[in-house]
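# Pasting the sequence and the predicted model now:
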Amino acid sequence: MILSIADLEAAASGKLPDATQAFFNSGATNQITVKENSSAFSKYRIRPRVLRDVSNVQTEIDILGKSITFPLCMSPAGVQARAHPEGELATSRACSQKNIHMGVSSFANNSVEDIISAGRNVGGQINYGMQLYTMQDREAEKEIIARAEGAGCKAIFLTADSPILGLRYHEKRSNFKIFDGISFPMVENGWEDKKTQSHDERFISFNSDSHSWDEIAWLRSVTKMEIWIKGVLTAEDVEMAIESGCDGVIVSNHGGRQLDDVVPTIDALPECVKAAQGRIRVHVDGGIRSGADIFKALALGAECCWVGRPMLWGLAYDGQNGVELMIDILYQEFRRCMQLAGCRTVADITPDRLARIGSDGSMSRL
Ligand SMILES: Cc1cc2nc3c(=O)[nH]c(=O)nc-3n(C[C@H](O)[C@H](O)[C@H](O)COP(=O)(O)O)c2cc1C
Ligand SMILES: CCCCCCC(=O)C(=O)O
């Protein structure tokens with residue numbers, strides 16, 4: 001029986017070859033951050049308020065100019081065809097049905113045009129954001145931006161934590177074949193001669209490790225979409241994002257897949273929110289596996305949460321239905337958490353709803 005995200009992970013992983021599990025589920029080097037992203041949530045406990053009439057709870061929030069069902073979006077994750085043959089098309093339909101915005105990876109196995117059409121064809125009106133890497137070939141980068149904007153994306157998510165790929169030992173040991181039999185329509189122009197390259201070599205061949213904050217002004221000059229930075233973990237970089245004129249940041253460590261031993265995102269969030277002082281939007285991803293995790297992130301000041309692996313597990317388990325099941329699980333848990341904690345609206349989820357357990361076991365209010 002699949003009741004929780006942990007149940008979904010177990011069911012999905014059983015359906016995937018070992019090498020694909022290693023690719024989806026692993027983090028970088030020693031797996032410290034991938035584990036801590038989730039476990040760090042447990043040092044927070046909820047302080048519920050009672051007798052507050054929670055008969056009419058409002059879970060909706062406005063993101064990118066549209067109301068979504070609850071504060072959750074789908075993180076951009078590449079190579080979804082390794083989870084299910086329909087890949088991002090199934091994810092897009094599920095998001096559209098459930099009224100949840102979706103990030104599209106540059107390493108999608110379907111084009112941004114097809115991904116958005118798939119969602120529109122089932123009737124929803126959600127927003128999409130295009131994830132970008134800083135590319136060596138700026139003309140090719142510009143073309144992806146133009147295609148995304150033309151297809152209807154509302155935002156660019158520039159991934160800032162990946163000047164190079166993280167060292168992914170589990171993935172290497174498993175001999176995961178990323179390229180065999182699948183295409184990458186957003187980035188593969190001119191790649192025909194590189195079919196034999198490794199994952200790492202291919203990334204190095206197109207991605208720029210000399211990226212800098214200067215790119216934001218360039219992005220502004222080529223698009224009217226919102227510009228967000230994905231992969232910020234410090235107050236200093238939130239300040240840089242504000243100075244550079246970004247619309248938002250996603251506090252993210254790439255699900256622990258880039259630099260290992262970095263701070264878990266839920267622990268980086270408070271300093272990022274404090275630095276933002278409401279001048280820039282602050283979202284978070286990494287290790288979110290329950291409705292209570294979403295509640296805690298909001299109480300610590302995030303406007304919205306994003307999930308990566310839970311979406312991939314849903315997709316691997318049962319395509320579109322599996323992603324819908326994943327969203328339903330998180331929605332039911334989050335709504336119930338709000339009710340039981342005495343919150344009628346998302347705005348009621350404030351820092352005073354949390355306590356923090358110290359290293360000596362003591363409990364303190366935030
Ligand atoms: C298999 C996989 C592929 C990913 N691909 C991308 C990508 O192409 N671009 C990107 O910015 N982040 C990518 N991510 C990171 C996610 O956007 C997100 O930051 C991370 O998965 C959040 O952590 P979670 O998986 O614990 O929810 C990927 C993550 C996974 C697991
Ligand atoms: C050729 C590199 C593919 C990277 C796919 C995305 C991913 O695994 C990540 O960003 O993490």
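Perfect, thanks for sending it. Ligands and ions are numbered 1, 2, ... in the order given.

# Tell me which residues of the longest helix belonging to the chain come out buried.
Scanning the chain for the helix with the most residues, using DSSP state H, yields helix 309-340. Buried residues in helix 309-340, defined by neighbour count with 16 or more other Cβ atoms under 10 Å: 309-320, 322-327, 329-331, 333-335, 337-339. In short, each C-beta sits where N, CA and C put it, glycine included.

# ok now it, how far from the chain's centre?
With Cα atoms, centre = their mean, to the nearest Å as the basis, helix 309-340 stands 14 Å off its chain's centre.

# Could you see whether ligand 1 lies near it?
Yes: using Cβ under 6 Å from any ligand atom as the criterion, contacts between helix 309-340 and ligand 1 involve R309, L312.

# State the phi and psi torsions of the residue of the stretch 1-150 of the chain found nearest ligand 2.
Nearest to ligand 2, among the residues of the stretch 1-150 of the chain, is G78, at 3.4 Å (Cβ to the nearest ligand atom). With angles defined as degrees, to the nearest 10, G78 sits at phi -80, psi 170.

# With V282 instead?
phi -130, psi 120.

# For beta bridges, what are the partners of it?
In this entry, V282 is beta-bridged to V249, by DSSP bridges.

# Tell me the spacing between it and K172.
Using Cβ to Cβ, to the nearest Å, V282 is found at 34 Å from K172.

# How about V307?
25 Å.

# In terms of neighbours, single out the busier of those two.
Taking other Cβ atoms under 10 Å, V307 and K172 do not tie; V307 has more neighbours (27 against 14).

# what packs against the longest helix of the chain?
Judged by 3 or more Cβ pairs under 8 Å, 6 or more residues apart in numbering; DSSP states H and E, helix 309-340 is in contact with helix 5-15, helix 18-25, strand 72-74, helix 87-98, helix 291-299.

# if we look at the shortest one, which residues are touching it?
Applying Cβ atoms under 8 Å, 6 or more residues apart in numbering, the contact partners of strand 72-74 are 63, 91, 95, 100-103, 283, 294, 304-308, 311, 323, 327, 330-331, 334.

# What are the neighbouring residues in contact with the residue of the stretch 1-150 of the chain closest to ligand 2?
Going by Cβ under 8 Å, 6+ apart, G78 touches S105, S106, F107, A108, N109, F184.

# near ligand 1, from the residues you listed?
Applying Cβ under 6 Å from any ligand atom to the contacts of G78, those adjacent to ligand 1 are S105, S106, F107.

# Using neighbour counts, pick out the buried residues of stretch 107-118.
Neighbour-count burial for stretch 107-118 flags F107, A108, N109, N110, S111, V112, D114, I115, I116, A118 (criterion: 16+ other Cβ under 10 Å).

# Check stretch 62-81 too.
Buried residues in stretch 62-81, counting neighbours by 16+ other Cβ under 10 Å, are found at 63-64, 68-81.

# ditto for stretch 85-103
Here stretch 85-103 shows 86-103 as buried, counting by 16+ other Cβ under 10 Å.

# That one close to ligand 2?
No: Stretch 85-103 stays clear of ligand 2 (Cβ under 6 Å from any ligand atom), getting no nearer than 11.6 Å.

# for stretch 31-44, same thing?
No: against ligand 2, stretch 31-44 shows no contacts by Cβ under 6 Å from any ligand atom, the least distance being 11.1 Å.

# Can you tell me what sits against that stretch?
Residues from elsewhere that reach stretch 31-44 (Cβ under 8 Å, 6+ apart): 25-28, 170, 253, 255-257, 259-262, 264-267, 286-289, 292-293, 296, 299-300, 354-357.

# and those, which are buried?
Among those, those buried by neighbour count (16+ other Cβ under 10 Å) are 25-28, 170, 253, 255-257, 259-260, 262, 264-267, 286-289, 292-293, 296, 299-300, 354-355.

# Now the residue in the stretch 201-350 of the chain that ligand 1 sits nearest to: closest residue in space that isn't a chain neighbour?
Per Cβ to the nearest ligand atom, G308 is where the stretch 201-350 of the chain lies closest to ligand 1, at 2.1 Å. Nearest-residue entry for G308: S75, 4.0 Å, with adjacent residues in sequence omitted and distances by Cβ to Cβ, 6 or more residues apart in numbering.

# separation between the one you found and C305?
Per Cβ to Cβ, S75 is found 9 Å from C305.

# Need the residues touching each of those two.
Residues touching both S75 and C305 (Cβ under 8 Å, 6+ apart): D285.

# what sits against R173?
Residues in contact with R173 (Cβ under 8 Å, 6+ apart) are A22.

# pLDDT averaged over the helix or strand harbouring it - what is it?
Counting by DSSP states H and E, the element that carries R173 is helix 169-174. Averaged over helix 169-174, pLDDT sits at 92.

# got it, and stretch 145-156?
Throughout stretch 145-156, pLDDT has a mean value of 98.

# Stretch 287-305 too?
Here stretch 287-305 scores 99 as its mean pLDDT.

# tell me how far that stretch is from the chain's mean position?
With Cα atoms, centre = their mean as the basis, stretch 287-305 stands 13 Å off its chain's centre.

# same check, this time on stretch 5-25
Relative to its chain's centre, stretch 5-25 lies at 18 Å (Cα atoms, centre = their mean).

# and this protein, which of its residues are near ligand 2?
The interface of the chain toward ligand 2, taken as Cβ under 6 Å from any ligand atom, is made up of G78, V79, F107, H199, R202, F203, H254, R257.
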